[in-house]
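have a look at this prediction, sequence included:
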Amino acid sequence: MRRFARRADSRFMVIEKEGERPRVLLVEDDAAVTRILSLLLRNSGFDVTGVESGKEALFALDVKPYDAVVLDLGLPDGLGGEVLGKLHSVPRDCFPVWVVISALDEDEVVRRYGSIGGPFLPKPFDPLRLVDLLEDQIERCRSTHS
């Protein structure tokens, strides 16, 4: 049975099965940013798990499959680059997709971490842009693998 979730821009995102919301791992150390993004993503139809460190993110990626990851590279434990490397190395047909967020500009991120491999949003960014990027990437993967 298909159901629909209202997106932040009042459009609807198709959710294939009852209770099946795209799973997003939000890796962000700023509690206020995590609260705001989690609320927005949940209200946009996502199932959100938030973690504060690279160590927690690496563990979460080993334990549960995610459709998408929102990764802040500037984590206090310095493991943002390792999380990005793990995302690059995960054997996958399409998922997880990811969006990198950072207070650094994109050129500096590429210089420090190499290829991003997904969309990049410099902080501060429009949270609705994040929702759109995630929805577009997930829909693209689902349509090519259905």
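Everything's here; your move.

and the closest residue to Thr144 other than its chain neighbours, how many neighbours?
Excluding its sequence neighbours, the residue lying closest to Thr144 (C-beta to C-beta, 6 or more residues apart in numbering) is Cys94, at 6.6 Å. The way it works is simple: take the backbone N, C-alpha and C, and place the C-beta from them, glycine included. For Cys94, the tally of surrounding residues (other C-beta atoms under 10 Å) stands at 14.

hang on, Cys94 packs against Cys141?
Yes: counting by C-beta atoms under 8 Å, Cys141 is a contact partner of Cys94 at 3.7 Å.

where's the residue nearest to Thr144 relative to Ser143, distance?
Applying C-beta to C-beta, to the nearest Å, the value for Cys94 to Ser143 is 10 Å.

likewise Arg42?
Distance from Arg42 to Ser143, by C-beta to C-beta: 24 Å.

tell me where the chain has helices.
31-43, 54-63, 80-89, 106-113, 127-144 (DSSP state H).

would you turn those helices into CSV with distance to Arg21, mean neighbour count and mean pLDDT?
Converted to CSV, those look like this (distance: least, C-beta to C-beta, whole Å; neighbours: other C-beta atoms under 10 Å; pLDDT from 0 to 100):
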stretch, distance to Arg21, mean neighbour count, mean pLDDT
helix 31-43, 9, 15, 96
helix 54-63, 17, 17, 96
helix 80-89, 21, 18, 93
helix 106-113, 29, 14, 93
helix 127-144, 11, 17, 92
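
redo those helices as TSV? Include distance to Pro22.
Listed next are the helices of the chain as TSV, based on distance: least, C-beta to C-beta, whole Å:
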stretch	distance to Pro22
helix 31-43	9
helix 54-63	15
helix 80-89	16
helix 106-113	25
helix 127-144	5
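
Tyr113 and Leu84 touch, don't they?
Yes: judged on C-beta under 8 Å, Tyr113 makes contact with Leu84 at a distance of 5.7 Å.

report the set of residues contacting both of the two.
Leu73 (C-beta atoms under 8 Å, 6 or more residues apart in numbering).
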